[in-house]
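*Asks:* here are the coordinates; sequence isn't available:
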DNA sequence: TGGCCCATGTACCGATTGGTACACTCGCGA
DNA sequence: TCGCGAGTGTACCAATCGGTACATGGGCCA
């Protein structure tokens, strides 16, 4: 009658034996999902892949739904960390910063993570509840720092927002192109063309 | 012992009582999928939605796999038809043609179809076999006409390809933005900014 | 009119799913 | 030393899945 497997009310900071295990599991899950996709994920296969029984996944996360939510959230956080790790550079031109960011974003080691991003986007556009939160921050979360950068580079605040939005969209479009075609050189050339138009050099 | 439900070897042109029914079913299926997503589609639910038993879907398409392939193919064809229906215009400037295309592409009535596009992309990047063919034509199929347009507008053939690739990526990035945020005005403004950069007007 | 075949429905099958019940182990506090 | 609770595995459940076997109906041709 009594339910021994409830609660696990995770305060955000998860230390303690329990939170550690949770964090460890969700990290392994994100790795697996980045490599094998999230759409047809099953608790049993995931468990077998990361070395626990599907029973334990339910135990720690309460339901598959909740696990997916945490996977998506963790994946988002990883992606954002990537951006923040770049910021502090000496006196590069905006175009060089953008180029640097683009190089980092297209690192082949991140391909799985990027694919996961587009996969989750697709699911989110369909209203899958665990992926839906992504849509909120998909543009706005990335727009703010870009707008700041644009204004800092001397852009008119009125057009800075449009330029930031445009830059973000172009990067994503070219990233999708790269993942689909694998044509690194072609996509890089298109990006160079964009930077020329966007920052007016050459 | 004998299997009465085999073959249905569809020659591409499907006329005859049989091909008609097939076409009718796949059309209805695409409508349903554009509205409700393709990821968690089940033959039973689809059948119930379009008024046949799941048995008949297997009968006409042989397997779920094959049905999904035809759904994806039909959806692609619809999207391409949209482009070809626009071509013949009198003497508009390239920027105006692009603007017109953008307006048509962002028609709210096409939102379901666009969402399906991104959903299928996400699946295809994961190697789902029925969606994989999309990746082939995802860039190249659209690039050719755009390159032709660029060259026709006087662009250097060497950069025309880069410009076409860039334009395609930007349109897709902004379309994803629009679907995610619904901020029509903001996305349109970003597109105007792009057209200004791209065609140099203003 | 009679027979045949295509279309369709119903009932079923084995596999897989998310989730649960229960037994077991093991380390720590009294 | 005892016991108790957290962590874990095994076995199971109902639901749903794609796919199949078989029965039936209804129109076309001889």
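*Replies:* In hand now; what should we look at? Keep in mind that this is a model prediction, so the values were computed, not measured.

*Asks:* burial of residue A:131, as a residue count?
*Replies:* 21 (other Cβ atoms under 10 Å in any protein chain shown). Bear in mind the C-beta positions are built from the backbone N, C-alpha and C, glycine included.

*Asks:* now residue A:44
*Replies:* By the measure other Cβ under 10 Å, the count of residues near residue A:44 is 12.

*Asks:* That one contacts residue A:56, doesn't it?
*Replies:* No - Residue A:44 is beyond contact range of residue A:56, at 11.4 Å (criterion: Cβ atoms under 8 Å).

*Asks:* Okay, and the nearest residue to residue A:145 once chain neighbours are set aside sits in which element?
*Replies:* In space, and not counting its chain neighbours, residue A:145 is closest to residue A:83: 7.3 Å by Cβ to Cβ, 6 or more residues apart in numbering or on different chains. In this assignment (DSSP states H and E), residue A:83 forms part of helix A:64-84.

*Asks:* contacting residues around that helix?
*Replies:* Contacts to helix A:64-84, defined as Cβ atoms under 8 Å, 6 or more residues apart in numbering or on different chains, come from residues A:26-27, A:29-30, A:33-34, A:38, A:41, A:43, A:57-58, A:61, A:101, A:104-105, A:110, A:113, A:116-117, A:120, A:129-131, A:133-134, A:137, A:141-142, A:145.

*Asks:* Pull out the buried residues from those residues.
*Replies:* Using 16 or more other Cβ atoms under 10 Å in any protein chain shown as the burial test, the contacts of helix A:64-84 include A:26, A:29-30, A:33-34, A:38, A:41, A:43, A:57-58, A:61, A:101, A:105, A:110, A:113, A:116-117, A:120, A:130-131, A:134, A:142 as buried.

*Asks:* Return the list of helices and strands in contact with the helix or strand of chain A with the lowest mean pLDDT.
*Replies:* Scoring the helices and strands of chain A by mean pLDDT, DSSP states H and E places helix A:16-36 at the bottom, with a mean of 85. Applying 3 or more Cβ pairs under 8 Å, 6 or more residues apart in numbering or on different chains; DSSP states H and E, one finds that helix A:16-36 contacts helix A:43-50, helix A:54-61, helix A:64-84, helix A:111-125.

*Asks:* does any bit of it sit next to DNA strand C?
*Replies:* No - Helix A:16-36 does not reach DNA strand C (Cβ under 7 Å from any atom of the strand); its nearest approach is 10.0 Å.

*Asks:* do you know how far the residue nearest to residue A:51 when sequence neighbours are not counted is from chain B?
*Replies:* The shortest distance from residue A:51 to any non-neighbouring residue, by Cβ to Cβ, 6+ apart, is to residue A:28 (7.9 Å). If you measure residue A:28 against chain B using Cβ to the nearest Cβ, to the nearest Å, the figure is 19 Å.

*Asks:* wait, residue A:28 sits on residue A:50?
*Replies:* Yes - using Cβ under 8 Å, residue A:28 is in contact with residue A:50, at 4.1 Å.

*Asks:* And residue A:151, how far from DNA strand C?
*Replies:* Going from residue A:151 to DNA strand C by Cβ to the nearest atom of the strand, to the nearest Å gives 46 Å.

*Asks:* That residue: what secondary structure?
*Replies:* helix (DSSP: H, G, I helix; E, B strand; the rest coil).

*Asks:* what does the model give it for pLDDT?
*Replies:* We have a pLDDT of 90 for residue A:151.

*Asks:* quick one: it and chain B, what's the gap?
*Replies:* Residue A:151 is 15 Å from chain B, by Cβ to the nearest Cβ.

*Asks:* Find the nearest non-adjacent residue to that residue, please.
*Replies:* residue A:160 (4.9 Å).

*Asks:* elements contacting the helix or strand the one you found falls within?
*Replies:* Remark: residue A:160 resides in helix A:157-181, with elements defined by DSSP H and E. Secondary-structure packing of helix A:157-181 (3+ Cβ pairs under 8 Å, 6+ apart): helix A:94-105, helix A:111-125, helix A:133-152, helix A:184-199, helix B:111-125, helix B:133-152, helix B:157-181, helix B:184-199.

*Asks:* got those as TSV, with distance to DNA strand D columns?
*Replies:* As requested, the helices and strands packed on helix A:157-181 are arranged in TSV below (distance: least, Cβ to the nearest atom of the strand, whole Å):
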stretch	distance to DNA strand D
helix A:94-105	36
helix A:111-125	17
helix A:133-152	25
helix A:184-199	35
helix B:111-125	14
helix B:133-152	18
helix B:157-181	26
helix B:184-199	35
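
*Asks:* Tell me which of these lies nearest to residue B:21.
*Replies:* helix B:111-125 (23.0 Å; Cβ to Cβ).

*Asks:* Which residues outside the closest one are in contact with it?
*Replies:* In contact with helix B:111-125 (Cβ under 8 Å, 6+ apart) are residues A:39, A:115, A:118-123, A:125-126, A:176, A:179-180, B:33-35, B:37-39, B:72, B:75, B:78-79, B:105, B:131-135, B:138, B:175-176, B:179.

*Asks:* ok, now stretch A:128-140?
*Replies:* So stretch A:128-140 is contacted by A:65, A:68-69, A:72-73, A:76, A:120-121, A:123-125, A:165, A:168, B:39, B:176-177, B:180-181, B:183 (Cβ under 8 Å, 6+ apart).

*Asks:* Among these, the buried ones, what's the PyMOL command?
*Replies:* The buried subset of these, as determined by 16+ other Cβ under 10 Å, is captured in PyMOL by this line:
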select buried, (chain A and resi 68+69+72+76+120+121+123+124+125+165+168) or (chain B and resi 39+176+177+180+181)
